[in-house]
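Visitor: Sequence first, then the predicted structure:
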Amino acid sequence: MSEQRCPWCGDDPLYVAYHDEEWGVPERDSRALWEKLVLDGFQAGLSWITILRKRENFRAAFAGFDPEVIARWGEAEVARLLADPGIVRHRGKIEATITNARAWLEIEAREGFATFLWSRVGGAPIQNRFRRMDEVPAETPLSQHISRDLRAAGFRFCGPTITYAFMQATGMVNDHLVTCPRHAQVAALA
């Protein structure tokens, strides 16, 4: 697979495993979707491999990404997280995670977070057919729309570029290059 794999993951074993096993696989679990959105928010301004290397630290620091727990957090937890070298220590992103947990709880109770997101793509992944990395957009009109919907629901750190990266990661769009064996494998999961 390595000679045709999407080139963005390079040869770092952790990144390759992420590409080969997770990226683009349709995710329909509300909590897993929320975790990925939070991590994509933390990635803003950084490389994804930085977040991937710290993912287990994030899970430990953020109570397994349990939104019901995080929604109750306040300044003491923010201070604890700002002192944690195992995560990205950014006050705005940490506070946004708490705010986003509260917004997630409201959406989850109303309609389900997975339903909220997947309804924006008609319930099925969009199957793109890009041949080169320079064809893959950083954002789309749809990611702009979903970003607006998330922000209207109370979410932060979910601009259109973060939202599109999230859509790629969670399989809402299949952006594996058509030359990558994972394109057909992920398409078959739709």
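Guide: Good, I have the coordinates. Numbers count the residues shown, from 1 in each chain.
Visitor: which strands and helices sit next to the helix ranked longest in the chain?
Guide: Determined from DSSP state H, the single longest helix within the chain is helix 91-110. Counting contacts by 3 or more C-beta pairs under 8 Å, 6 or more residues apart in numbering; DSSP states H and E, helix 91-110 is packed against helix 30-43, helix 67-70, helix 75-82, helix 113-118. Any C-beta I mention is one placed from the backbone N, CA and C, and that applies to glycine too.
Visitor: mind putting these in JSON lines, mean pLDDT and distance to Arg5 included?
Guide: Formatted as JSON lines, the helices and strands packed on helix 91-110 follow (pLDDT from 0 to 100; distance: least, C-beta to C-beta, whole Å):
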{"stretch": "helix 30-43", "mean pLDDT": "97", "distance to Arg5": "21"}
{"stretch": "helix 67-70", "mean pLDDT": "98", "distance to Arg5": "34"}
{"stretch": "helix 75-82", "mean pLDDT": "98", "distance to Arg5": "35"}
{"stretch": "helix 113-118", "mean pLDDT": "98", "distance to Arg5": "27"}
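Visitor: out of these, nearest to Pro7?
Guide: Proximity to Pro7 (C-beta to C-beta) singles out helix 30-43 among these, at 18.9 Å.
Visitor: ok, and what's touching that closest one?
Guide: With contacts defined as C-beta atoms under 8 Å, 6 or more residues apart in numbering, helix 30-43 is touched by 27, 50-51, 55, 58-59, 62, 65-67, 87-88, 90, 93, 96-97, 100-101, 104, 108, 112-114, 117, 150, 155-158, 162-163, 165-166, 169-170.
Visitor: Which among the residues you listed count as buried?
Guide: 27, 51, 58, 62, 65, 67, 87-88, 90, 93, 96-97, 100-101, 104, 108, 113-114, 117, 150, 155-158, 162-163, 165-166, 169-170 (16 or more other C-beta atoms under 10 Å).
Visitor: now the angle from the longest helix of the chain to helix 75-82?
Guide: 120 degrees (axes from the mean of the first three to the mean of the last three C-alpha atoms, to 10 degrees).
Visitor: Now do helix 91-110, average pLDDT.
Guide: Averaged across helix 91-110, pLDDT comes to 98.
Visitor: got a list of what Trp73 touches?
Guide: For Trp73, the contact set (C-beta under 8 Å, 6+ apart) comprises Ile98, Ala101.
Visitor: Distance check, it against Ala44.
Guide: Shown here: Trp73 relative to Ala44, a distance of 21 Å by C-beta to C-beta, to the nearest Å.
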